[in-house]
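>>> Whatever this is, show me its structure:
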Amino acid sequence: MQWHKENERKQIEMAIAQQNAEFEARAIEEAAARKNHQMDILRQMNEKDRVQRTYLQEKMYEERAAKLAELEYQRRINGEKETNKTMLS
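The predicted structure follows:
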């Protein structure tokens, strides 16, 4: 009788230990999956940010180039006006 109780107790303890180990393994897997998901989201956000910065830099460059072209055009017009004034005077 004593042996039977002891054997049953050992089996219960082993089953509890196995359940605890399985639970811990599942918890570790879930934590790793959450971390991977967070890393994917961060990677996507960083990529989106990089694309947006590149777009803004290109847009700013185009605006500067257009402004410089306009200033050069205005300078030429003013130069032609001055040349015409001196010719007419």
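>>> from here on, contacts and neighbour counts on C-alpha atoms
Will do.
>>> what about Lys5, how many neighbours?
A count of neighbours around Lys5, defined by other C-alpha atoms under 10 Å, yields 10.
>>> So what's the gap between whichever helix or strand Gln38 is part of and the chain middle?
Applying DSSP states H and E as the criterion places Gln38 in helix 2-88. The chain centre lies 0 Å from the centre of helix 2-88; the measure is C-alpha atoms, centre = their mean, to the nearest Å.
>>> Rounded mean pLDDT for that helix, please.
Across helix 2-88, pLDDT averages out at 94.
>>> for stretch 28-44, which positions count as buried?
Buried positions in stretch 28-44, judged by neighbour count with 16 or more other C-alpha atoms under 10 Å: none.
>>> could I get that stretch in PDB with only the CA atoms?
Extracted C-alpha coordinates of stretch 28-44, given in PDB (Å, rounded to 0.1, in the frame of the first residue of the first chain):
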ATOM      1  CA  ILE A  28       9.300  31.300 -24.300                       C
ATOM      2  CA  GLU A  29       8.000  30.600 -27.800                       C
ATOM      3  CA  GLU A  30       5.200  33.200 -27.400                       C
ATOM      4  CA  ALA A  31       7.700  35.800 -26.100                       C
ATOM      5  CA  ALA A  32      10.000  35.100 -29.000                       C
ATOM      6  CA  ALA A  33       7.100  35.400 -31.500                       C
ATOM      7  CA  ARG A  34       6.000  38.800 -29.900                       C
ATOM      8  CA  LYS A  35       9.600  40.000 -30.100                       C
ATOM      9  CA  ASN A  36       9.900  39.000 -33.700                       C
ATOM     10  CA  HIS A  37       6.600  40.700 -34.500                       C
ATOM     11  CA  GLN A  38       7.800  43.900 -32.800                       C
ATOM     12  CA  MET A  39      11.100  43.700 -34.700                       C
ATOM     13  CA  ASP A  40       9.200  43.300 -38.000                       C
ATOM     14  CA  ILE A  41       7.000  46.300 -37.200                       C
ATOM     15  CA  LEU A  42      10.100  48.400 -36.300                       C
ATOM     16  CA  ARG A  43      11.800  47.400 -39.500                       C
ATOM     17  CA  GLN A  44       8.700  48.400 -41.500                       C
END
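>>> Pull stretch 5-15 out as CSV, backbone CA atoms only.
This file holds the C-alpha atoms of stretch 5-15, laid out as CSV (Å, rounded to 0.1, in the frame of the first residue of the first chain):
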residue,chain,number,x,y,z
LYS,A,5,1.0,5.7,-2.7
GLU,A,6,4.7,6.6,-3.2
ASN,A,7,4.5,5.5,-6.8
GLU,A,8,1.4,7.5,-7.5
ARG,A,9,2.9,10.6,-5.8
LYS,A,10,6.0,10.3,-8.0
GLN,A,11,3.9,10.0,-11.1
ILE,A,12,1.9,13.1,-10.2
GLU,A,13,5.1,15.1,-9.5
MET,A,14,6.5,14.0,-12.8
ALA,A,15,3.3,15.0,-14.6
